[in-house]
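K.L.:
sequence-free structure coming up:
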C-alpha cells in the first residue's frame, strides 16, 4: 500500500521535556496495532521553533499543526485524524488576536513574518536520516563547489554574500576564510563553535538537533575553500541530544563518503571530529576554545596573532559559529546575490533569535535583518504574558544590554544595536515586563560573568567581582549614592583594559541599565525602595499557608482571618508568594 | 563518601582507556571526561596515571581539572540535580526554585547529600528556555516547575 500520512513529532529538547519521546513510542505502537505501518510514517524531527506551544505534532500531507499535545491526546489523533481523516479541532493553535483556530502553521502570526534560511530544515526532516537531508538538496552545495568552483571562487561567493559571523562579533565570514586561506602551509583547521554559552539562547542547539548535516556540509565547504582537511566541532556537554544527533550524522556522512577521503571524486579529503566542552563560558571565545581543545585551561590569549594565523596547534584555523555555517549551503545553492538582497545595508541575510522570558510565543524565530523589535515582540511574539506592560528586551546576554520602549521601532542589525548600547550577541532575546527589577537583572549577569571569568587578567577577575559586590550592597539596601559613580567608573575601566571579549563586554548589562533605568539604581542607593512582600487583605482567606512557610516567621494571623506581613522583618524570599493559592500576596 | 580506586582499576583504566587516545593530538580533555563519566570524578590518583601515561605534569593536569566546572575531585551523588539559572529561568523565578530544592535536600549548591543520592550541581542554561523554569536531573529535563512539584521530582529519583 502507498504511504498515505506522515506524522512529524517534534524531538527538540523543549518538547522532549514534555513527553514527546513517549508520544513517538505510543504512536508507533498504536499504528502497529492497527496494522497501518505501511501507510503511516512516524518521524521524530528537530525543533519546529514554536517551543512555547510544544509539544508539537504536524501531520502531512494535510498540513495540520497540532500544539500543546498531551500523551492522552495521542489516541484521539489516531482514531480521529489518522483513521477517519477528521481534524482534531481542540488541538489546533488558538489565535489569541482573531480568536479562532488556525490549522496550518504558515497562517500563524508566529511564522508569517519569519524567513527561514538557517532553520530551513528544522522540524521538516528527520535529523537522524541522511537521505531526508539529501532529499532537500543536502550535500548538493558541496558537490557543486567541489566540481565547479576553485577555492578562490568559493571565498569570492562568501565575500559577495556579505555574510557576517552569527556568534556575536559580526566579523565578515568570507574575509575570515580568506585570511586563513592565504596563510602558507598544508595543515589548517576548520572549527565549529557550538559552545553556546549565552544563557537564554538556544538556536545553535536547535540547529544541531534539527539539521546536523547542514553544519557538516558547510564545514566541508569551508575546508575546501581554505585548504583544510580537518574539522572539529566544539560542543557543550550540556547538550546531550545535539551531541548524539551530530555523532549519528557524522557516521552516516562517512558511509556516504560525504566525509572522508576523495569527496565526490575531487581528490579533496575532509573529516570531522567532535570535542566536548566541560562547562566554561569563556570557551566560547575563540582563542580560549582552541586552548581548551588543545587540553589546556580555557584561557584566552591576546590577538594578534589571530587564529587565522596561529590557531589550533599553532596552525591557521578558522572558527565559525553554528548558525553561520547553517547559512552556507543555501548561499552556494541560491547565490551570493540572493543572500545579499536580504537585510539591511551592512547586515545581510537573516538572524535567528531565541525569544524567551515574559512573552506569549516563546521559541526560535528567524527574521530578515532590519526587522524591528516591535514586529518581533508583538507580531511574532504575540506580546507580553498576561497583558502586562513591556519594559525592555535584553539582547546579547551577559555581554549585551537592554532595548527599551523608545527603541522598539529600531530596525535590528549589528550596527543599530550597538548604537543603542546593546549588541546582537548570539541572538538571545529575553523579554522583561514591568515586574522585572533591572538592578536584579544586571546583578544576575554580573554574578554570571564574575563566576565565569577565567582569572587570567586582573581587570576582569577582580573588577567584575567588585562590581558584583557593589550591586549586592545596593540590593541589600546597604549602598549609598556614591556607589553608582564608582560602579560606572569601574565599568568603563574594565571595558577598556580587559584582555578578551568576556571582560570587555562584562560591564555592558550594568552600563546599559544604568543609562536607561538609573532611577531604579537610585532608589536602591537612596534606600527608598520597598523590599517587602505585602498581603492584599480582601483576597486573603486566612489559610495560614504563608505563615507556615515563612522562614523568618514574619507573617502572623489567625485562621480564617487575613494575615499580615511584618515589613521590617521580611527578607523578600518569595516563599509566601509561591505558597499562596489565592493571589493574595503581591511582590515588592 | 570517598571512594578509592584500586591499583588494579587504575591499571585497567590505563590499559583500556588511555591507550585509545595514544594517537590523538591533544587527548587531555577527552581522557578527563572519560574519567569523570566512569568514576563520577577525576581523583588525584587518576590524574597521576594520566600524567605518567602522556608525560604531562600533574600540576598542569590539576590546573585543567580545577578550571572546568564539570570536573570534580570527589564523586557526585547517584543523581545530579541542576536548577537552571539561565536568564529565561531566572526571570521566571529559577533562583527561588533553587532555594527550595536546596532546602528540600538540605544541602548547598555543589554539595552531595549524606546518603550519596543527590548532588546539587551549579547549572547554566540548558537551552530549554521555552519550558522555563526547568530542573535537570541527570539527563532528564523537567519543565515549568513550581515549588510544589519539587518533592515529586526528587522522590522519582530517590531509589
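P.N.:
Sure, I can see it. All of these numbers come straight from a predicted model, not from anything done at the bench.
K.L.:
Name the SS class of the residue lying closest to residue A:530 once chain neighbours are set aside, please.
P.N.:
Leaving aside its sequence neighbours, residue A:530 sits nearest to residue A:588 (Cβ to Cβ, 6 or more residues apart in numbering or on different chains; 5.3 Å). For every residue, glycine as well, the C-beta is placed using N, CA and C. Using DSSP: H, G, I helix; E, B strand; the rest coil, the structure places residue A:588 in coil.
K.L.:
can you tell me how far residue A:588 sits from chain B?
P.N.:
Residue A:588 sits at a distance of 14 Å from chain B (criterion: Cβ to the nearest Cβ, to the nearest Å).
K.L.:
wait, that residue sits on residue A:571?
P.N.:
No - contact between residue A:588 and residue A:571 fails when scored by Cβ atoms under 8 Å: they sit 11.0 Å apart.
K.L.:
contacting residues for the residue most central in space within chain B?
P.N.:
The residue lying closest to the centre of chain B (Cα atoms, centre = their mean) is residue B:70, at 5.3 Å. By Cβ atoms under 8 Å, 6 or more residues apart in numbering or on different chains, residue B:70 lies in contact with A:237, A:278, A:279, B:33, B:36.
K.L.:
Got the phi and psi for the third one?
P.N.:
For residue A:279, the backbone dihedrals are phi 80, psi 60 (criterion: degrees, to the nearest 10).
K.L.:
For it, grab the count of nearby residues.
P.N.:
By other Cβ atoms under 10 Å in any protein chain shown, 22 other residues sit near residue A:279.
K.L.:
before we move on, the earlier item: give the ChimeraX command for selecting the buried subset of the contacts of residue B:70.
P.N.:
Buried subset of the contacts of residue B:70, written as a ChimeraX selection, criterion 16 or more other Cβ atoms under 10 Å in any protein chain shown:
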select /A:237,278,279 /B:33,36
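K.L.:
Of the contacts of residue B:70, which is the nearest to residue B:107?
P.N.:
Nearest to residue B:107, judged by Cβ to Cβ, of these is residue A:279 at 19.5 Å.
K.L.:
wait, what's in contact with that closest one?
P.N.:
Taking Cβ under 8 Å, 6+ apart, we find residue A:279 in contact with A:236, A:237, A:238, B:68, B:69, B:70, B:124.
K.L.:
For stretch A:177-188, buried residues please.
P.N.:
Neighbour counts over stretch A:177-188 (16+ other Cβ under 10 Å) mark A:177, A:178, A:179, A:180, A:181, A:183, A:188 as buried.
K.L.:
Just give the nearest non-adjacent residue to residue A:228, would you?
P.N.:
residue A:188 (3.8 Å).
K.L.:
In contact with that neighbour, which residues?
P.N.:
Per Cβ under 8 Å, 6+ apart, neighbours of residue A:188: A:180, A:226, A:227, A:228, A:229, A:315, A:316, A:317, A:318.
K.L.:
show me where pLDDT drops low in chain B?
P.N.:
Low-confidence regions of chain B, defined by pLDDT under 70, span residues B:1-4.
K.L.:
near chain B, which residues of the stretch 201-350 of chain A?
P.N.:
With Cβ under 8 Å from any Cβ of the partner chain as the criterion, the stretch 201-350 of chain A meets chain B at residues A:201-202, A:205-206, A:237-240, A:275-281, A:292-298, A:313.
K.L.:
residue in the stretch 1-150 of chain A nearest to chain B?
P.N.:
Across the stretch 1-150 of chain A, the shortest distance to chain B (Cβ to the nearest Cβ) belongs to residue A:51, at 3.0 Å.
K.L.:
So that residue sits against residue B:129, correct?
P.N.:
Yes - under the criterion of Cβ under 8 Å, residue A:51 makes contact with residue B:129 at 7.4 Å.
K.L.:
what about the residue nearest to residue A:457 when sequence neighbours are not counted, neighbour count?
P.N.:
Distances taken as Cβ to Cβ, 6+ apart put residue A:499 closest to residue A:457, at 4.1 Å, once the chain neighbours are dropped. Using other Cβ under 10 Å, residue A:499 is surrounded by 20 other residues.
K.L.:
How many residues are close by the closest residue to residue B:56 other than its chain neighbours?
P.N.:
Excluding the flanking residues, the one nearest residue B:56 by Cβ to Cβ, 6+ apart is residue B:28, at 6.6 Å. The number of residues packed near residue B:28 is 22, by other Cβ under 10 Å.
K.L.:
what residues are up against the residue of the stretch 1-150 of chain A closest to chain B?
P.N.:
A:12, A:14, A:15, A:362, A:363, A:364, B:129, B:130, B:131.
K.L.:
again with residue B:157
P.N.:
By Cβ under 8 Å, 6+ apart, residue B:157 lies in contact with B:78, B:79, B:81, B:117, B:118, B:137, B:138.
K.L.:
How is the residue located most distally from the centre of chain B assigned, secondary-structure-wise?
P.N.:
Going by Cα atoms, centre = their mean, the residue of chain B most distant from its centre is residue B:23, 27.6 Å out. Per three-state DSSP, the local secondary structure of residue B:23 is coil.
K.L.:
wait, doesn't the residue nearest to residue B:56 sit right on residue A:297?
P.N.:
No - at 10.5 Å, residue B:28 does not count as touching residue A:297 under the criterion of Cβ under 8 Å.
K.L.:
shared neighbours, these two?
P.N.:
Common neighbours of residue B:28 and residue A:297 (Cβ under 8 Å, 6+ apart) are residue B:64.
K.L.:
Quick one: neighbours of residue A:518, just the number.
P.N.:
Neighbourhood size, residue A:518 [other Cβ under 10 Å]: 14.
K.L.:
list the contacts for it?
P.N.:
Going by Cβ under 8 Å, 6+ apart, residue A:518 touches residue A:484.
K.L.:
so what strands line up beside the strand ranked longest in chain B?
P.N.:
What stands out as the longest strand in chain B, according to DSSP state E, is strand B:79-83. The pairing partners recorded for strand B:79-83 under DSSP bridges are strand B:118-120 (parallel), strand B:135-137 (antiparallel).
K.L.:
could these go into CSV alongside mean neighbour count?
P.N.:
Listed next are the strands paired with strand B:79-83 as CSV, based on neighbours: other Cβ atoms under 10 Å in any protein chain shown:
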stretch, mean neighbour count
strand B:118-120, 23
strand B:135-137, 20
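K.L.:
looking at these, which is closest to residue A:472?
P.N.:
That would be strand B:118-120 among those, by Cβ to Cβ, at 21.7 Å.
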